[in-house]
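Undergrad: just a sequence and a predicted model for now, questions to come.
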Amino acid sequence: MQNESSLTSNASTTVVVGMSGGVDSSVTAAVLREEGYRVIGLFMKNWEEKDANGVCSSAKEFADVVSVCRKLDIPYYSVEFVKEYWDRVFLHFLKEYEAGFTPNPDILCNREIKFDAFFEKALDFGADYLATGHYARTDSITEERADGMSAPSARLLKGLDPGKDQSYFLHAVSGKKLQKVLFPIGDIEKKEVRKLATKFDLSTQAKKDSTGICFIGERNFQPFLAKYLRGGKGDFKNLDGKKVGTHAGAQFYTLGQRKGLGLGGEGEPWFVVSKNSVENTVFVERGEFHPALYTDELEARELTWIQGMPPALPGEPYRCRAKVRYRQSDQDCKLILGASGENARVTFPTPQRAVTPGQSIVFYDGDVCLGGGVIRQLGKNFAERGHTLSDMRERFSASSSASV
C-alpha cells in the first residue's frame with residue numbers, strides 16, 4: 001500500500017491503459033487507480049469481422065471495458081486502427097505464409113500497433129505513460145547512443161510468473177519506448193491477478209484468457225487463412241519421396257505439426273518435418289523424435305536489439321540463452337553476427353526440436369531480454385547428418401522435454 005505522499009504525487013501523472021476487455025488489462029487499470037494515478041482506459045479496434053457466431057467480438061470486448069471503467073470511475077474511449085493493422089501487420093502476415101514461413105503476428109502487432117500507433121494515440125490523450133496488461137517488467141537505464149551521447153532508456157525483463165512471461169512477444173519494442181511504458185502486473189503471478197480482480201469486484205474476474213491471432217481472436221485457423229490465401233491440394237510425402245496422403249495447401253502447415261494432418265495407419269503419429277512451398281509438397285515422418293525434426297543451428301535475420309546496439313561485434317562469438325518459440329525454456333546458445341550486423345548464425349549445444357522458419361528467436365541474459373530476430377534458415381537436420389529415429393528416441397526418451 002502506498003503512503004499518502006506517493007498517492008498525491010501519482011495524482012499528477014496520467015497513465016493511459018490499453019484495455020482489451022480481459023482480466024489482465026482490467027486489473028492493470030484497477031491497480032494504477034488504487035495507486036492514485038490519473039487513469040484513462042483506451043480500447044482499440046483493429047479488426048472488422050464478426051466471430052464464428054456472427055457477433056462482432058470487438059463490440060463485446062468494448063462492453064467489458066466500459067463495465068470495468070465505470071466500476072473504477074475512470075474515463076474510457078475507443079480508437080480504431082483497422083487500416084494500420086491491415087497494412088502493417090496482416091498483409092505482412094499473409095505474405096509470410098505465401099512465402100512458406102510461419103509468422104508470429106503478435107510480435108509485429110506489438111511493435112507496429114500497440115507500442116507505435118497506439119502509443120502515439122496515448123500521448124495525444126495526454127499520457128505520461130502507457131500501461132498494458134503484459135506479464136513483463138522494465139527497469140530504467142541510461143543508453144549510450146551511436147553518436148556518443150547518452151539518453152534515458154529501459155531494459156526489458158521477464159515477467160515474474162514464468163508460465164505467463166510475455167517478454168518473448170515484446171522483444172522488438174525499443175528501450176526508448178519502454179521507458180514510457182508500465183507493466184503493473186509484471187511482478188505478480190496470474191493467480192494473484194485473478195484474486196485482485198475479485199477484490200476489485202471487476203466484471204472480467206472470471207473471464208478466460210484470450211488466445212488466437214492478435215486482435216483477430218480464436219478462429220478455425222485453416223478456413224480463416226484460406227479466405228485470404230490461394231490454396232491448392234498437394235502431396236504429403238515421406239522423406240523417401242513416397243506419397244502418403246493429400247493436403248489442402250503447403251502454406252497451412254508448420255514444422256512439427258501433428259494434429260490436423262488426416263494421416264492414419266498403424267505405427268507412430270505423423271509429423272510435418274519440412275515443406276516445399278514452390279512444389280506445394282509437405283514432407284512428413286512418423287515419430288515425435290524423428291531426427292528430421294531436430295537441428296542445432298539456424299540463421300536469424302531482421303535483428304532488433306532493445307538497447308539499439310547488438311551485444312557483440314560482427315564475427316565475435318557471443319554466448320547467451322534463447323527461445324525459438326513462446327514458452328520454451330531458455331536454451332544455451334552461441335550467436336555470431338554477420339558483417340552487416342543484420343543477420344546472425346546461432347548454434348546450440350543441444351538439438352532443438354521443430355525450429356520453424358518465420359518464427360522468432362529471442363535472446364536473453366538471465367532475466368534481461370536483449371532482442372531477437374526472425375528465423376529464416378535452418379542448418380542440417382539430424383536425419384541429414386545420418387542419425388536414426390532410434391538414435392534420437394534413445395537420446396530423448398528419458399526426458400519428455402527434449403528442448404521443446
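TA: Structure's in. What do you need?

Undergrad: please count neighbours and contacts with C-alpha atoms only from this point.
TA: Will do.

Undergrad: how about low-confidence regions in the stretch 251-400 of the chain?
TA: Counting by pLDDT under 70, the stretch 251-400 of the chain shows low-confidence ranges at 397-400.

Undergrad: neighbouring contacts of the helix or strand where V284 lies?
TA: Per DSSP states H and E: V284 is located in strand 281-286. For strand 281-286, the surrounding residues in contact (C-alpha atoms under 8 Å, 6 or more residues apart in numbering) are 234-239, 247, 250, 253, 267-276.

Undergrad: next one: D235 from E279, what distance?
TA: D235 sits 9 Å away from E279, going by C-alpha to C-alpha, to the nearest Å.

Undergrad: more neighbours: which of those two?
TA: Neighbours were counted for D235 and for E279 using other C-alpha atoms under 10 Å; D235 has more, 20 against 10.

Undergrad: where does that one sit: helix, strand or coil?
TA: strand (DSSP: H, G, I helix; E, B strand; the rest coil).

Undergrad: in the sheet, who's paired with it?
TA: Note on D235: beta-bridge partners by DSSP bridges are T246, T281.

Undergrad: and the pLDDT for it?
TA: You'll see D235 listed with a pLDDT of 97.

Undergrad: and if you look at L91?
TA: Looking at L91, the pLDDT reads 95.

Undergrad: helix/strand/coil for it?
TA: Secondary structure, three-state DSSP: L91 is helix.

Undergrad: what sits against it?
TA: Under the criterion of C-alpha under 8 Å, 6+ apart, L91 has no neighbours.

Undergrad: re earlier: what's the first helix or strand after the strand holding V284?
TA: strand 294-305.

Undergrad: buried residues, that following strand. List them.
TA: The neighbour-count check on strand 294-305 (16 or more other C-alpha atoms under 10 Å) flags 294-301, 303-305 as buried.

Undergrad: before we move on, the earlier item: need the CA coordinates for the strand holding V284. PDB is fine.
TA: Written as PDB, here are the backbone C-alpha positions of strand 281-286 (Å, rounded to 0.1, in the frame of the first residue of the first chain):
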ATOM      1  CA  THR A 281       4.700 -30.600 -51.000                       C
ATOM      2  CA  VAL A 282       4.600 -31.300 -47.300                       C
ATOM      3  CA  PHE A 283       7.100 -33.900 -46.000                       C
ATOM      4  CA  VAL A 284       6.100 -36.000 -43.100                       C
ATOM      5  CA  GLU A 285       7.600 -38.800 -41.000                       C
ATOM      6  CA  ARG A 286       6.500 -40.900 -38.100                       C
END
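
Undergrad: how far does it sit from the chain's center?
TA: Centroid displacement of strand 281-286 relative to its chain, using C-alpha atoms, centre = their mean, to the nearest Å, is 27 Å.
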